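Colleague: Coordinates for the following, if possible.
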Amino acid sequence: MNVSKKELVTIHNVDKIFKRGSEEIHVLGGLDLQIPEGEFLALMGPSGSGKSTLLNLIGGLDRPSQGSVIVGGEPIDKLSERKLASWRARHVGLVFQFYNLMPVLTAQKNVELPLLLTGLSRSERRKRSAIALDIVGLSHRKGHYPRTLSGGEQQRVGIARAIVTDPTLLLCDEPTGDLDRKSGDEILDLLQALNKEQGKTIVMVTHDIHAAARASRTLYLNKGKLSTEAEE
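Modeller: So this is what the prediction gives:
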């Protein structure tokens, strides 16, 4: 018997407008999106289509100009800045194209960073960061600095940092965009494992059809609208 999963993310009638001087730039218009728990969703579309803007709205990094963004039953567009920051720390893991690691910190210390916002003890932070590094297959590199790691290894550290708080959502912005095909495939293998084996809900922005094929669903964003097919 198929059991339908409940919606984790519900975006309704969202507009996003940026202002440049007196000019208004409409990035998203009347957008609707539902993401069920445990889905691996790929967002594709041309540069400037609003993919990263949509990702930022889902992660509470930006607010809609109009409409609602509800994640896990929480209307995050209505939260104060302080409550939104607290919500992000608990529920959102971010993976970036260029890793955003601190060069003066070891891999383990980089992974520990999000835990500094919690009330965990030093020993508990160390324990959790070690578990996260083990999940991404980098326990043996925990004492290494970013400059001594390959691009693929740095991205694995970035993913470990993103999952160390056990977030509700894993948001990935071009996670393989700076990697060669072999390293990129290894990262995609890891994301698929996190989705299938640990039930992580993942939203991934990508330009790469090869990467999008790993997701369970792909949507295309163009001119502020979502569709199931790419425009010619």
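Colleague: From residue 137, how far out is the spatially most central residue of the chain?
Modeller: What sits nearest the mean C-alpha location of the chain, by Cα atoms, centre = their mean, is residue 171, with 0.9 Å. Counting by Cβ to Cβ, to the nearest Å, the separation of residue 171 from residue 137 is 21 Å. Any C-beta I mention is one placed from the backbone N, CA and C, and that applies to glycine too.
Colleague: quick one: the strands in this protein?
Modeller: Using DSSP state E, the strands assigned to the chain run over residues 7-20, 23-36, 40-44, 66-71, 74-75, 92-95, 169-173, 201-205, 217-222, 225-227.
Colleague: report the angle between the axes of the longest helix along the chain and strand 169-173?
Modeller: Among all segments of the chain classified by DSSP state H, the helix with the greatest residue count is helix 181-198. For helix 181-198 against strand 169-173, the angle by axes from the mean of the first three to the mean of the last three Cα atoms, to 10 degrees is 170 degrees.
Colleague: got the buried residues for helix 181-198?
Modeller: 183, 184, 185, 186, 187, 188, 190, 191, 194, 195 (16 or more other Cβ atoms under 10 Å).
Colleague: Run through who's touching it.
Modeller: With contacts defined as Cβ atoms under 8 Å, 6 or more residues apart in numbering, helix 181-198 is touched by 38, 40, 135-137, 150-152, 155-156, 159, 163, 170, 172, 175-176, 179, 200-202, 204, 208, 210-211, 214, 216.
Colleague: What ranges in the chain fall below the confidence cut-off?
Modeller: Along the chain, segments meeting pLDDT under 70 span 1-4, 231-232.
Colleague: same thing but 50
Modeller: For the chain, the stretches flagged by pLDDT under 50 are 1-3.
Colleague: In this structure residue 63 contacts residue 53, no?
Modeller: No. Using Cβ atoms under 8 Å, residue 63 is not in contact with residue 53, being 11.0 Å away.
Colleague: more crowded one of these two?
Modeller: With neighbours defined as other Cβ atoms under 10 Å, residue 63 and residue 53 compare such that residue 53 has more, 22 against 16.
Colleague: ok, back up a step: the longest helix of the chain to strand 201-205, inter-axis angle?
Modeller: Going by the same axes, to 10 degrees, helix 181-198 makes 150 degrees with strand 201-205.
Colleague: distance between helix 181-198 and the chain's centre?
Modeller: Relative to its parent chain, helix 181-198 has a centroid offset of 14 Å by Cα atoms, centre = their mean, to the nearest Å.
Colleague: If I take it and strand 40-44, what angle do their directions form?
Modeller: Orientation of helix 181-198 against strand 40-44 (the same axes, to 10 degrees) gives an angle of 140 degrees.
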